[in-house]
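# build me a model:
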Amino acid sequence: MRPVGSKYLLEEPLGRGATGTVWRARQRETAGAEAAVAGQPGETVAIKVLKEELANDADVVMRFLRERSVLLRLTHPNIVRTRDLVVEGELLALVMDLVEGPDLHKYLRENGPFSPVGAALLTAQIADALAASHADGVVHRDLKPANVLLKWDPDGTAEMYPMLTDFGIARLADSPGLTRTHEFVGTPAYVAPESAEGRPQTSAVDVYGAGILLYELVTGRPPFSGGSALEVLHQHLSSEPRRPSTVPDPLWTVIERCLRKNPDERPSAENLARGLRTVAEGIGVHASSAQIAAAEGVGALLTPDPTPAQVPGTPGTSDADPTQVLPNNAAAAGLAGAAGAAAGAAAAGAYDPNAATSVMRQQGNDQGGDAADPTAVMPPMPQGPPQQMPDAWGDQLRAARDRNEQTQVQYLAPDQDPLRRRPQRQVAQPQQQQQQQQQPQQYAQRPQPQQRPQPQQYAPPQQPARPPREPREPREPRRRSPNRMKIPGLGCLKGCLFMIVMLFVVSWLVWEFTPLQDWIGTGKGYWDQLSDWFSTVSGWIGDLGSKTGN
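Presented below is the predicted three-dimensional model:
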C-alpha cells in the first residue's frame, strides 16, 4: 500500500490510460476545508495519479492549481465527482468517487450494440453532463466510451446511469511543454475536425464526440477507422459517415447533425439531450402519432449554441490576463512609485481603463540606482563587396578531382577491338577456303583522330595474336541402306485393308448374334446371303453394262 499525501492510501490499480493510472484507494482521515468532500476515515475512493512527465511540467502544475476550484465545483448526477486534488512533490493526483461498474467500451465489447431507443436515452444523459460542464466553461475534449462509466441503479432495477469522467485531464495534458506542433489532445477515432487541423476549439468538439459515441452505441463500431492515425484523421476531415440500415430516420438526423464538419452547424449539448429524448419517445414500440411526428421533426430542435464555450489555450484564445493600463500619473514618478500608485489606484477604484497609455520616461543615473543605459546605435557596416567565406566542402571536392587522373581515349584497329570482332560461321568448299587463305584479309582504314596535346600515359593492352583457323573437311552426306524401298501410299492401303477386314468381322457378328435374319425373313446363312447379294449386284452391273452398249 502506498500513501498519497497524508489523507489517502493506494490499494490496487483499476486501470491505466494515456495520462495516468486509476487506483482503488482508502481515506485515512477526514479531508480538510480545501477538499470538496471531506469524507470519512476508511471510505473507499478512486485516485487517478498522473504520469511523471505531467507532474514534472511547471505549466501543468500551474493549470492544476488554477483549475482546482473549477473541477471541485463541477457536480452533476452523470459526472464522476472530483473530491480533492493532491499536489505533493512530483506527484499530481485527482481524488474521485469510486464507481463500481465497467466502462462503456468494455460493455460494448462484451454485450454488443444497444437498441436505437437505449442508445438515444444513454447518450441523452451524457449530453446532460456535457451541458452542465459547458455552462461552467469546462470542455471535456476527449469524449469516448472508455471515459464513460456505467453505474447500476442502487435500488436494484436494471437501469444504468452513465457517469462521465476525466474532466480537465485533456486540459492538463495540453501543456506547451508537452505537446508539439501538429499534435492534438484526444483519441483519433473520436477527435473533431477542427481539433485535427489545429483550429480554434469550442464546446462543439464534445458534441462531435457525442455523435460518434451514439453511432458506436447503435452499430458497435466508430464511423471512421483505418490502419493509421493519419488515415483516420483524413476521414474525419473529408469523409461522410455511412448510414447503417438499422438506424431509424429521426436518430440518423441527430447523428448526421452532430457529425457536421462545420462546428457552427452542430447543436448545443442541451438541445442534443432534448432532441434525443424526443427521438426515443417517437421510435419506441408504444409511440403515439404525435410522438412519431415530433421525432420526425427533430431537426428543428437541434439548434446550435449561440455562445459556445471556448477552449482556452487553443489558437485564437489565450490564457494570459488582459493587458492592464497604467494610470496617467505613472510618467511623473519612478518605476517603483508608478507600480505603487497603480496598485493604490486600482484598489481605490480610481483606475481608468480607457485612459491613454503612458510612456515611462528614461531612467538616468541621477536617480541613484542602477538604471539601464539607453539604446546604443551600432556602428555602420563597412561599405564594400561582401567577403566570401571559404567553402570547405567545395575545396575537398576540388582536391579529390585534382588527385584523379583524367581518362585517356584511344582508338583500336578492328582486329584488336574485342567488341567489334564477330565470329562468322561460313560453310565453304575446300578450294574456296584455300583461296581465302592465300589472299590476305583487307580492312578499311579508320580515319585517325587528331592528336591530343596531352601525352599518352597508359600503354594499350597487348592482345595475343590468334592462330588462323584450320579449314574443316566437308561433311559427307549420309548414305541410306540400298535394300530399303519406299512404296508411295502403302500406309493408306494398309489402313483401307484393315478397315475392310474390321467391317467384315463386324457385319458377321451382327448377322449371327442379332435377329437381323428374322427381320429379313430369308432364313439363309451368312455366307449364302453374301453370295446372293454378290450375284444380285453383279447381275445388276451386267444389266447396266448391256443397256449402255445397246
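
# what's the helix or strand for the residue lying closest to E281 once chain neighbours are set aside?
Distances taken as C-beta to C-beta, 6 or more residues apart in numbering place Q291 nearest to E281, at 4.6 Å, with adjacent residues excluded. For glycine as for every other residue, the C-beta is placed from the backbone atoms N, C-alpha and C. Assigned by DSSP states H and E, Q291 belongs to helix 289-296.

# residues in contact with that helix?
D249, P250, T278, V279, E281, G282, I283, G284, A287 (C-beta atoms under 8 Å, 6 or more residues apart in numbering).

# I'd like the mean pLDDT over it, please.
Taken as a whole, helix 289-296 carries a mean pLDDT of 94.

# residues near the residue nearest to P267 when sequence neighbours are not counted, how many?
Computed as C-beta to C-beta, 6+ apart, the closest residue to P267 that is not its neighbour in sequence is L302, at 3.8 Å. Number of residues near L302 (other C-beta atoms under 10 Å) recorded here: 22.

# touching, L302 and A269? I think so.
No: counting by C-beta atoms under 8 Å, L302 stays clear of A269, with 11.1 Å between them.

# quick one: terminal-to-terminal distance for stretch 85-102?
One end of stretch 85-102 sits 24 Å from the other (C-alpha to C-alpha, to the nearest Å).

# list the buried residues of it.
L85, V86, L92, A93, L94, V95, M96, D97, L98, V99, G101 (16 or more other C-beta atoms under 10 Å).

# save those as CSV, and put in secondary structure, distance to M160 and pLDDT too.
Listed next are the buried residues of stretch 85-102 as CSV, based on DSSP: H, G, I helix; E, B strand; the rest coil; distance: C-beta to C-beta, whole Å; pLDDT from 0 to 100:
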residue, secondary structure, distance to M160, pLDDT
L85, strand, 29, 83
V86, strand, 30, 84
L92, strand, 31, 84
A93, strand, 28, 85
L94, strand, 24, 86
V95, strand, 24, 89
M96, strand, 19, 89
D97, coil, 16, 89
L98, coil, 17, 90
V99, coil, 11, 89
G101, coil, 8, 85
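
# pull the most distant pair out of the residues you listed.
Using C-beta to C-beta, the pair of those lying farthest apart is L92 and G101, separated by 25.7 Å.

# most neighbours among the contacts of helix 289-296, which one?
Highest count within the contacts of helix 289-296 by other C-beta under 10 Å belongs to V279, 30 neighbours.

# where's the residue lying closest to it once chain neighbours are set aside relative to G211, distance?
Once flanking residues are discounted, V279 sits nearest to P250: 4.5 Å by C-beta to C-beta, 6+ apart. As judged by C-beta to C-beta, to the nearest Å, P250 and G211 stand 14 Å apart.

# repeat that for E110.
Taken as C-beta to C-beta, the span from E110 to G211 is 24 Å.

# of the two, give the one with the bigger neighbour count.
G211 (26 against 8).

# what about L150, which SS state?
strand (DSSP: H, G, I helix; E, B strand; the rest coil).

# quick one: low-confidence parts of the stretch 251-400 of the chain?
Under the criterion pLDDT under 70, the flagged ranges of the stretch 251-400 of the chain are 312-400.

# 80 instead?
311-400 (pLDDT under 80).

# re the thing from before, and for the residue nearest to E281, the neighbour number?
Q291 has 17 nearby residues by other C-beta under 10 Å.

# ok, now how distant is the closest residue to G101 other than its chain neighbours from I126?
Setting aside the residues directly before and after it, G101 is nearest to L150 in space (C-beta to C-beta, 6+ apart), at 4.6 Å. L150 is 11 Å from I126, where distance means C-beta to C-beta.

# that older thread, for the buried residues of stretch 85-102, could you give me CSV that also reports distance to L259?
Listed next are the buried residues of stretch 85-102 as CSV, based on distance: C-beta to C-beta, whole Å:
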residue, distance to L259
L85, 35
V86, 38
L92, 34
A93, 35
L94, 31
V95, 35
M96, 30
D97, 32
L98, 34
V99, 28
G101, 28
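
# with the residues you listed in mind, which one is nearest to E473?
Distances from E473 to the buried residues of stretch 85-102, taken by C-beta to C-beta, are shortest for L92, at 103.4 Å.

# ok, then the element right after the helix or strand hosting H236?
Assigned by DSSP H and E, H236 belongs to helix 229-238. Proceeding N to C from helix 229-238, the next assigned helix or strand is helix 249-258, under DSSP H and E.

# flag every buried residue along that next one.
For helix 249-258, by 16+ other C-beta under 10 Å, it's P250, L251, W252, T253, V254, I255, E256, R257, C258.

# now do the same contact list for T514.
T514 touches nothing, counting by C-beta under 8 Å, 6+ apart.

# tell me the buried residues in stretch 113-129?
113-114, 116-117, 119-129.

# residues making contact with it?
76-79, 143, 148, 160-162, 164, 210, 213-214, 216-220, 246-248, 251, 254, 269-270, 272-273, 276-277, 279-280, 283-284.

# if we go to 7 Å?
76, 78-79, 148, 161-162, 164, 210, 213-214, 217-220, 247-248, 251, 269, 272-273, 276-277, 279-280, 283-284 (C-beta atoms under 7 Å, 6 or more residues apart in numbering).

# that one - what's its average pLDDT?
94.

# again with stretch 530-546
85.

# next, the buried residues of it.
Using 16+ other C-beta under 10 Å, none of the residues of stretch 530-546 count as buried.
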